[in-house]
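1. Need the 3D shape of this:
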Amino acid sequence: MSALEMRIRSRQTIGILTFIFLSSFWCDLLGQEVMNSSGLFPLSEGTKWTYQGVVRWSHENSNEVSETQVTWTTEVEQVIRREHLTAAVIRGFPSDLNWSDGNPQPANTILVALDRGEYYLLQNEDIRDSLKRLQNTSDSLHGFPDPDDGFLRSPLAKGKKFCDPDGMARDDDMYCWAVNSVESVSLTNVKGLAPKRYEVYEMGYRTNPDDITLQLLPGVGVIRYQYHHHGTVAETDVKLVAFHTGAAGN
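-> This is a model prediction of the structure:
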């Protein structure tokens, strides 16, 4: 082989290796972007989660405790996109069942997903003013959302926690959402999901009077929700039985 042929062959080899490297790089990058953009929750209008389980409660001025079976539907009613975040108005978050007789009036919750992977859960009195700010395109949303409403931060990993600065400074994981464990869970009877094993994150939020435990399946959302009050009986335990993605997911 002449010196000229060797130089040509060498350049061809370098070109092929460079192409393979760049192809691998861009595939990895694109895959990463797809994963990040999919998020932990499918925030599209019309997405529904149907849960079944048990609610227990104490009767007022009595030692009597009652228990009832419940079927509960959670639905994304509105999605608002702003420059750096997506906000979903969710009707009937499972926490509405807490401190009820199993038949409460569904309320609105706002789930805010920042593009950097942080999630905030706005409930109760936060809703009305927050919705006004989100709908006002002249509002730069400075200081929004409130760190006190911190819920999750992606990517999830065992031992990670997310909350306001005071909670983050604690060493007991109380008053923070914390990832307790990562488990392989078999989901064979959930309508809308392929029957197989899924990697599920168990999240916990503990305070002195009560605690919340939920199982989170990325791309689907909450597949189990549990609430337990440490004093007067008030308990919720519901599991996902049906899942339907909204218009953007069809």
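
2. where along this protein do the helices fall?
-> Ranges of helices in the chain, per DSSP state H, are 3-38, 126-135, 165-168.

3. what mean pLDDT does the shortest one have?
-> Per-residue pLDDT values across helix 165-168 average out to 90.

4. Just checking the distance from that helix to the centre of its chain.
-> Remark: helix 165-168 is offset 20 Å from the chain centroid, using CA atoms, centre = their mean, to the nearest Å.

5. Go ahead and name everything in contact with it.
-> 147, 161-162, 174-176 (CB atoms under 8 Å, 6 or more residues apart in numbering). From N, CA and C alone the C-beta is placed, and that goes for glycine too.

6. Taking the residues you listed, please make a PyMOL selection of just the buried ones.
-> Selection of the buried residues among those in PyMOL, burial being defined by 16 or more other CB atoms under 10 Å:
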select buried, resi 161+162+174+175+176
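
7. And the furthest pair within the contacts of helix 165-168?
-> Pairwise distances across the contacts of helix 165-168 (CB to CB) peak at 16.5 Å, for the pair Pro147 and Met174.

8. Neighbours of Asn61, how many?
-> Residue neighbour count, defined by other CB atoms under 10 Å, stands at 6 for Asn61.

9. Can you show me the CA trace of the longest strand along the chain as CSV?
-> Of all the segments assigned as strand in the chain under DSSP state E, the longest by residue count is strand 65-82. Extracted in CSV, the C-alpha atoms of strand 65-82 (Å, rounded to 0.1, in the frame of the first residue of the first chain):
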residue,chain,number,x,y,z
VAL,A,65,-64.8,5.0,64.4
SER,A,66,-66.2,4.3,60.9
GLU,A,67,-64.7,2.9,57.8
THR,A,68,-65.9,3.0,54.2
GLN,A,69,-64.7,1.8,50.8
VAL,A,70,-64.1,4.6,48.3
THR,A,71,-63.6,5.1,44.6
TRP,A,72,-62.0,8.4,43.9
THR,A,73,-61.1,10.2,40.6
THR,A,74,-58.3,12.8,40.2
GLU,A,75,-58.3,14.8,36.9
VAL,A,76,-56.1,17.5,35.3
GLU,A,77,-58.7,20.2,34.4
GLN,A,78,-56.4,23.0,33.1
VAL,A,79,-52.7,23.4,32.1
ILE,A,80,-50.9,26.7,32.0
ARG,A,81,-47.6,27.1,30.3
ARG,A,82,-45.3,30.0,31.3
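
10. Mind listing the strands that strand pairs with, and their directions?
-> strand 48-58 (antiparallel), strand 85-91 (antiparallel) (DSSP bridges).

11. Could you save those strands as TSV and add columns showing mean neighbour count?
-> Formatted as TSV, the strands paired with strand 65-82 follow (neighbours: other CB atoms under 10 Å):
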stretch	mean neighbour count
strand 48-58	19
strand 85-91	21
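
12. Those strands: which one's closest to Asn98?
-> Here strand 48-58 is closest among the strands paired with strand 65-82 (CB to CB), at 8.4 Å.

13. pLDDT averaged over the closest one, what's the number?
-> Per-residue scores along strand 48-58 average to 98.

14. Tell me how far that strand lies from the chain's centre.
-> 19 Å.

15. Please enumerate residues in contact with it?
-> Contacts for strand 48-58 (CB under 8 Å, 6+ apart): 64-76, 94, 97, 99-102, 191, 221-222, 225, 232-244, 246.

16. Please apply the same query to stretch 111-126.
-> 36, 39-41, 43, 84-88, 90, 93, 95, 107, 109-110, 130, 145-146, 149-155, 162.

17. ok, and for the longest strand of the chain, which residues are buried?
-> 70, 72, 74-76, 79-80, 82.

18. Stretch 198-215 too?
-> 198, 200-206, 210, 212-215.

19. which of these lies closest to Glu183?
-> Closest to Glu183, out of all of the buried residues of stretch 198-215 and judged by CB to CB, is Val200, at 5.5 Å.
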